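Colleague: Pasting the sequence and the predicted model now:
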There are 2 protein chains.
Amino acid sequence: MHAELLPAHIHYAIGIDGGGTSTRARVVHRSGVVVGEGKAGASGLTQGIGQAWRHIKEAISQATGGRLQAGWPEPVPANCALGLGLAGANNAAWHAECLAADPGYATLKLESDAVTALLGAHGGHPGALVIVGTGAVGLALLPDGQRRTSGGWGFPSGDEGSGADLGLQAVNLTQRALDGRALPGPLTLAVLQATGGTPEALLAWCGAAGQGEYASLTPLIFSHEASDPDAARLLERALHQLEALARAVDPTHTLPLVVAGSVGQRLAPRLCALVGACVVPPQGDAMDGALTLCLQ
Amino acid sequence: MHAELLPAHIHYAIGIDGGGTSTRARVVHRSGVVVGEGKAGASGLTQGIGQAWRHIKEAISQATGGRLQAGWPEPVPANCALGLGLAGANNAAWHAECLAADPGYATLKLESDAVTALLGAHGGHPGALVIVGTGAVGLALLPDGQRRTSGGWGFPSGDEGSGADLGLQAVNLTQRALDGRALPGPLTLAVLQATGGTPEALLAWCGAAGQGEYASLTPLIFSHEASDPDAARLLERALHQLEALARAVDPTHTLPLVVAGSVGQRLAPRLCALVGACVVPPQGDAMDGALTLCLQ
C-alpha cells in the first residue's frame, strides 16, 4: 500500500484479517514502515459484534506495543485508518451493526475476509481467487470494478470440494462399507479408525460433528490417494469443483488466479490447462488487502 | 398379537411408537379387545428420558381413559406389559437409562422405533422394511432371528435418498444456478422462491435449516419432475438409494419387503423388478410391532 497517500492527520493504516478462529492485525506508519503485527481471538461477526471489536483492539495493541519510533504519535482511533476484513461482513445487518460500533477511527472500511483476501492476492488489481479450506469460495475483481462470487454457500448444502465436503463424502463411504452397500477399502478403514473404531462410535461421532470435524479427515483422503481408488475419486471430484468455482467467476480465463486454502494449495498443481495457465502466486495476504481498503 | 398368551397377572398389553415429534400408544386387553389409542408429545430418547416417560404415560392415559369395560381392572404398571419402540433406543447409554426409569411394569421391552416398525410390518415374522421419509433406513429380520440394518446414519453424512437429502441436493442445485456454475431451471426457481426469493435470503435460510427444513422442499422436486430433468434425476438417484438400502439387508431378494415413509411410498411403484417383486403391504404399524414385544 502507498501509506504516503494517507491524509495528513492519519498517521497509521491498520489492516485486519478476522475470522472464526483468530484476528490478525498489521499496522503501517504513514512513512511506509511496518510497525508490527498482532494476533487475538476470533472476530468473525457471527460470534458477536462486541467480541469482534474487543479482539480487533487487542490485536492492534499487540501490533504496536513497544514498537513506535521516536517522533511517532501514540496510535489512537482518531489518527488511524482502519481496514477490516471480517468473516460474516457480507451479512447486511451485521455489517451495519459493526460500523455503528466504530470507536472513532479517522476512516473505517469493512469488507468480508474473502474480499480482503482477494484484494491482497492481487494488490487491489483485477484478479480471481479461489479459497478451498474447510469451506470453498471463488471471487473475482473484474477490470470494470465489479465483483463476482461463486460457492461459499456454507456447509452442508454448499462448499462442494471443500475439506468439510471431502470429509463428509469419506464418512458416507465408510457408512456404506459398514452396512454392506459398498466394499470397504483402505480409506474407509482409516476413517472408521479415526472416528472411534466401531459403527456405534462412528454414529456418535457423526451426531456431534460439524464442518471442522469433517474437514479434519481430509489429510486421510490425501494420504490414501495412491492406495485407494475411492480416495483418488474424491480428490478428482474436489478438483473439478475447484475448477468450476474459478470458471464461474472468470469464464473467459483471462484474469490472474490465486488458489489458496489448505486443500486448494494441494490441488492447484493438478488444475486443467485452461485454469492452471491463469495461476499466479499471491502478491499479498488478507491483511494487505485490508490495508488497501484504508486508501479507498 | 395373541394377548391371551400373556401371564395371568398381566391384564393389558401396551404398544408405544415414540419419535421426535409424537408418542402414540395402543392398549389391548388380555381378551384381545383393543381398549383404545392415545397420542402425546415426543418420546425420542434424544430429547431426554424424563420427557419420554412423561409422554408415554400421557399417551397411555389417553388411550384408556373412560374406555374400560365392566370387570376390567384399572391399568397400573404392575398389571401391564409395555412394549416400547422409541427413536434413539439404539444408543446403548440411553437404552439403559430408559429401562432404569421403569416405573414398575410387569414386563418392559425396549427397541428402536425402526425395529418395532419392522416387527409391525411383518407381524413379527421375517421380512424387510425400508423407511424413506425425512431420513432413510433399511432393516430386516432374517429367518434365523438375526437383524440387519442399512443406512439410517443420520443427516447430513448419511440418509442418502431421504427427503432431507433430496432437499439438500435441490438447494445445492439452486446455489449453483445462482452463482453461474449451472443453468437455472423450473426446480431451482421454485426452490429460490420457497427459501426467500433472493440469494441473500437463501443464504440465511441455509444457515438456519436442519433436516426437517430441507425435507420440506421434497414435494417441489416431485411436482417439477415432469418439467425439469434435474428434478427427475434427483428422484431417480433417490430411487437407487432406496433399492441399495433394500439390497443391503436382503441381498438374495427373498424376504417380503415393506416400503414406508412419505418419500418411500411415492417411489415404491418405480422400484426395479428384482426389488419390486418382493414388495408386500404392511401387516401392521409400529404400535403393533411394539405390542409383539410384550409377548417376547
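Modeller: Nice, I can see it.
Colleague: Just give me the longest helix of chain A.
Modeller: Secondary structure of chain A per DSSP state H: the longest helix is helix A:229-249.
Colleague: buried ones in it?
Modeller: Applying a neighbour-count criterion of 16 or more other C-beta atoms under 10 Å in any protein chain shown, one finds A:230-231, A:234-235, A:238-239, A:241-249 buried in helix A:229-249. Yep, even glycine has a C-beta here, placed from its N, CA and C like the rest.
Colleague: Chain B next: which of those are close?
Modeller: A:244-245, A:247-249 (C-beta under 8 Å from any C-beta of the partner chain).
Colleague: would you turn those residues into TSV with pLDDT?
Modeller: Shown next, in TSV, are these (pLDDT from 0 to 100):
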residue	pLDDT
A:Ala244	97
A:Leu245	97
A:Arg247	96
A:Ala248	97
A:Val249	97
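Colleague: quick check, nearest of these to A:Ala268?
Modeller: Distances from A:Ala268 to those, taken as C-beta to C-beta, are shortest for A:Leu245 (12.4 Å).
Colleague: what's the closest residue to that closest one other than its chain neighbours in contact with, if anything?
Modeller: Of all residues not flanking A:Leu245 in the chain, A:Gly138 sits nearest, at 3.4 Å (C-beta to C-beta, 6 or more residues apart in numbering or on different chains). By C-beta atoms under 8 Å, 6 or more residues apart in numbering or on different chains, the contact list for A:Gly138 reads A:128-131, A:148-152, A:245-246, A:248-249.
Colleague: how about the residues of chain A that lie near chain B?
Modeller: Counting by C-beta under 8 Å from any C-beta, chain A sits next to chain B at A:91-92, A:148-151, A:153-154, A:156-158, A:160, A:168, A:171-172, A:175, A:179-181, A:200, A:202-204, A:206-207, A:209, A:214, A:244-245, A:247-249, A:251.
Colleague: all helices for the stretch 51-200 of chain A, in order.
Modeller: In the stretch 51-200 of chain A, the helices defined using DSSP state H, counting those that start in this stretch lie at A:92-100, A:113-121, A:163-178, A:186-194, A:199-208.
Colleague: residue contacts, the residue of the stretch 1-150 of chain A found nearest chain B?
Modeller: Nearest residue of the stretch 1-150 of chain A to chain B: A:Ser150, at 4.3 Å (C-beta to the nearest C-beta). Contacts for A:Ser150 (C-beta under 8 Å, 6+ apart) come out as A:137-139, A:244-245, A:248-249, B:179-181.
Colleague: cutoff 10 Å now
Modeller: A:128, A:130, A:136-140, A:244-250, B:175-176, B:178-181 (C-beta atoms under 10 Å, 6 or more residues apart in numbering or on different chains).
Colleague: follow-up on the earlier one: partner residues bridging the residue nearest to A:Leu245?
Modeller: A:Val130, A:Ser150 (DSSP bridges).
Colleague: Widest-spaced pair of the ones next to chain B among the buried residues of helix A:229-249?
Modeller: Going by C-beta to C-beta, the pair spanning these furthest: A:Ala244 and A:Val249, at 10.1 Å.
Colleague: Now the common contact residues for these two.
Modeller: By C-beta under 10 Å, 6+ apart, the residues touching both A:Ala244 and A:Val249 are A:130, A:138, A:150-151, B:179-181.
Colleague: Can you tell me the closest non-neighbouring residue to the residue sitting furthest away from the middle of chain A?
Modeller: In chain A, counting by C-alpha atoms, centre = their mean, A:Gly180 sits farthest out from the average C-alpha position, at 38.2 Å. Distance criterion C-beta to C-beta, 6+ apart; nearest residue to A:Gly180, sequence neighbours excluded, is B:Ala248 at 4.2 Å.
Colleague: Hmm, B:Leu242 and that neighbour touching each other?
Modeller: No: B:Ala248 is beyond contact range of B:Leu242, at 11.0 Å (criterion: C-beta atoms under 10 Å).
Colleague: Mutual contacts of the two, please.
Modeller: B:130, B:138, B:151.
Colleague: what's the closest of those to B:Phe222?
Modeller: For the shared contacts of B:Ala248 and B:Leu242, the nearest to B:Phe222 is B:Val130 (18.1 Å; C-beta to C-beta).
Colleague: Do a quick rundown of the strands in chain A.
Modeller: For chain A, the strands defined by DSSP state E cover A:12-18, A:22-29, A:34-41, A:80-86, A:107-111, A:127-132, A:136-141, A:147-151, A:257-260.
Colleague: Export the ones you listed to TSV and append columns for mean pLDDT and distance to A:Ala100.
Modeller: As requested, those are exported to TSV (pLDDT from 0 to 100; distance: least, C-beta to C-beta, whole Å):
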stretch	mean pLDDT	distance to A:Ala100
strand A:12-18	96	17
strand A:22-29	96	19
strand A:34-41	96	21
strand A:80-86	97	13
strand A:107-111	97	11
strand A:127-132	96	29
strand A:136-141	96	26
strand A:147-151	95	24
strand A:257-260	96	31
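Colleague: In TSV: those, plus distance to B:Leu86.
Modeller: Below are the strands of chain A laid out as TSV (distance: least, C-beta to C-beta, whole Å):
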stretch	distance to B:Leu86
strand A:12-18	45
strand A:22-29	43
strand A:34-41	42
strand A:80-86	45
strand A:107-111	50
strand A:127-132	42
strand A:136-141	39
strand A:147-151	40
strand A:257-260	48
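Colleague: Let me know which of these is the nearest to A:Ala194.
Modeller: Taking C-beta to C-beta, strand A:127-132 is the member of those nearest to A:Ala194, at 21.1 Å.
Colleague: so the closest one versus helix A:229-249, what angle?
Modeller: 150 degrees (axes from the mean of the first three to the mean of the last three C-alpha atoms, to 10 degrees).
Colleague: Count the neighbours of A:Arg67 for me.
Modeller: A count of nearby residues for A:Arg67, using other C-beta atoms under 10 Å in any protein chain shown, gives 16.
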